[in-house]
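Engineer: okay, predicted coordinates and the sequence, questions at the end:
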Amino acid sequence: MNAQGCKVHFGRWLIEGSPAVVLLDVGATSWSLERWKGELWESCAIGVPWYDREANDAVLFGFLVAWFLGEFAAQSEERPFIVGHFHEWLAGLGLVLSRARRLPVATIFTTHATLLGRYLCAGSVDFYNNLQSVNGSEVTVVAFFIMPARTNNFNVESLKGQAVRKQLWDTANAVKEKFGKKLYESLLV
C-alpha cells in the first residue's frame, strides 16, 4: 500500500500489553476521493456529497481499511481468521466495502444507540423494526450497548433515562433487602 501512495504505519500502542497497531493516513490518499466515491456509488449505490468533509474522511478511511484487510488476507500464507470491528458510522464504510468485496472477514459493528437513533430518525429509517430482514447467514454482528449513566442533561430523553436508572436501582435494592431478610430468617430456624 505504501508503494501505491498510501501512508501506512505499523507500531505498538503505548498502553498495557503494547498491542500491535496499524495507522492509516487518510490525508495521504485524498487524491483517490472522487474515484472512490464513484466506486462506492457503482458497487453499493451509496452517494456522498462532495462538500461534507466528515463524510469524505469516512470514505477515505473505509476504502483504506477494506484495502488493508484485502491485502492482509491475500498476503497471508495460511488463511487467517480476521475479525473487523467497526465502531460508529465513520468506520462503518469499511464494513460495507468488506462485504461488497466479499473479503474473508467476520464483521462487527458497534455504535452508541443515541447517535445511531439520531441518524436513523433523520433518514426516516425504520431500522429496529426491520432487524429480522437482515440475512442471518452473513457474518455481521450489530451490537448496541445501552447503559444507564449519570447525566446532568435535563431534556426529555435524559430525564427518561434517569427515571429508568432510578427504577433499576430501586428494584435492585428492594430485591437485595428482601433476599437478605429471607436469608437471615432462614438462618435463625
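Structural biologist: Thanks, I have it. Given the structure is predicted, the values throughout are model-derived calculations rather than measurements. Numbers count the residues shown, from 1 in each chain.
Engineer: low-confidence ranges in this structure?
Structural biologist: Applying pLDDT under 70 to the chain flags residues 112-164, 179-180, 183-189.
Engineer: quick one: the helices in it?
Structural biologist: Applying DSSP state H to the chain gives helices spanning 33-44, 53-75, 89-100, 113-122, 156-188.
Engineer: among those helices, which is the most enclosed?
Structural biologist: Mean neighbours per residue, mean count of other CB atoms under 10 Å, is largest over those for helix 89-100, with a mean of 20. Yep, even glycine has a C-beta here, placed from its N, CA and C like the rest.
Engineer: let's have the helices of the chain in JSON lines, adding distance to residue 24.
Structural biologist: Formatted as JSON lines, those follow (distance: least, CB to CB, whole Å):
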{"stretch": "helix 33-44", "distance to residue 24": "13"}
{"stretch": "helix 53-75", "distance to residue 24": "4"}
{"stretch": "helix 89-100", "distance to residue 24": "10"}
{"stretch": "helix 113-122", "distance to residue 24": "23"}
{"stretch": "helix 156-188", "distance to residue 24": "35"}
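Engineer: what residues does the closest residue to residue 28 other than its chain neighbours make contact with?
Structural biologist: Nearest residue to residue 28, sequence neighbours excluded (CB to CB, 6 or more residues apart in numbering): residue 7, at 4.0 Å. By CB atoms under 8 Å, 6 or more residues apart in numbering, the residues touching residue 7 are 24, 25, 28, 29.
Engineer: let me see the contact set for residue 95.
Structural biologist: Contacts for residue 95 (CB under 8 Å, 6+ apart) come out as 84, 86, 107, 109, 140.
Engineer: who does the residue lying closest to it once chain neighbours are set aside bridge with?
Structural biologist: Closest residue to residue 95 apart from its sequence neighbours, by CB to CB, 6+ apart: residue 86 at 4.3 Å. Residue 86 has these beta-bridge partners by DSSP bridges: residue 109.
Engineer: going forward, the N-terminal residue is numbered 56.
Structural biologist: Will do, 56 is the new start, and the previous item becomes residue 141.
Engineer: closest to residue 127 among the contacts of residue 62?
Structural biologist: residue 79 (12.2 Å; CB to CB).
Engineer: as CSV, the contacts of residue 150 with neighbour count and distance to residue 112 would be great.
Structural biologist: Supplementary listing: those in CSV, determined by neighbours: other CB atoms under 10 Å; distance: CB to CB, whole Å:
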residue, neighbour count, distance to residue 112
139, 20, 18
141, 21, 15
162, 22, 20
164, 21, 18
195, 17, 23
